[in-house]
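*Asks:* need a 3D model of the following:
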Amino acid sequence: MADLINSDVFLAFSTYATIVILKMMFMAPLTGYFRITRKAFSNWEDTAMAKNDPEERKKMLQTNPDVERVRRCHQNDLENIIPFVVIGLLYALTGPDLSTALLHFRVFVASRFIHTVSYVMGLPQPSRGLSWMVGMITTFSMAYRVLTTALLL
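*Replies:* Modelled structure (predicted):
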């Protein structure tokens, strides 16, 4: 176990996993920012900024396309980054070549940042779809390595 923690592959994995996890965590306050600036809330208690005006508070209980876009981007992060972290850890345990591992980790992280910019800014397709696909293929590539290594044992 100490060898794994001291390995360059594990250090690289830890670094890039931390970057994408922090990026994913950033999406929650970004959603909050969009909710506040667009005055679009899901829960009655969140409309308290309107103080005692019940009609104004009712107007704030709405969906907003900008808020929903950021929220869906965050959901997509959850659906893609968590598998990357789990499979990436297993991948690091297979002892891949450092350059190959760095390629996997860097491509995945770049694809998630491009995906987020494409999603939040509403860039035309296929920018978002391609960036999602690149990240998914990268994760599947690591999973393939994990499975083929495990099957050879």
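*Asks:* and Lys23, how many neighbours?
*Replies:* Applying other C-beta atoms under 10 Å, we find 15 residues neighbouring Lys23. All C-beta spots, glycine's among them, are computed from the backbone N, C-alpha and C.
*Asks:* Leu152 too?
*Replies:* When neighbours are counted by other C-beta under 10 Å, Leu152 registers 6.
*Asks:* try Val67
*Replies:* Residues lying near Val67 (other C-beta under 10 Å) number 23.
*Asks:* try the one 5 residues further on
*Replies:* The local packing of Arg72 (other C-beta under 10 Å) involves 13 other residues.
*Asks:* Arg69 and Met142: what is the separation?
*Replies:* 29 Å (C-beta to C-beta, to the nearest Å).
*Asks:* quick one: which of those two has more around it?
*Replies:* Met142 (26 against 16).
*Asks:* what sits closest to the more buried one if chain neighbours are left out?
*Replies:* Tyr91 (4.0 Å; C-beta to C-beta, 6 or more residues apart in numbering).
*Asks:* can you count the residues close to the one you found?
*Replies:* If you count neighbours by other C-beta under 10 Å, Tyr91 ends up with 25.
*Asks:* over to Met24?
*Replies:* Neighbour tally, Met24, other C-beta under 10 Å: 20.
*Asks:* residue contacts, it?
*Replies:* His74, Asp77, Leu78, Ile81 (C-beta atoms under 8 Å, 6 or more residues apart in numbering).
*Asks:* what mean pLDDT does the helix or strand hosting the second one have?
*Replies:* What it means is Asp77. Assigned by DSSP states H and E, Asp77 belongs to helix 65-93. Here helix 65-93 scores 96 as its mean pLDDT.
*Asks:* show me what that helix is packed up against.
*Replies:* helix 8-38, helix 98-121, helix 127-151 (3 or more C-beta pairs under 8 Å, 6 or more residues apart in numbering; DSSP states H and E).
*Asks:* let's have these in TSV, adding distance to Lys51 and mean pLDDT.
*Replies:* As requested, these are exported to TSV (distance: least, C-beta to C-beta, whole Å; pLDDT from 0 to 100):
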stretch	distance to Lys51	mean pLDDT
helix 8-38	15	96
helix 98-121	31	97
helix 127-151	39	96
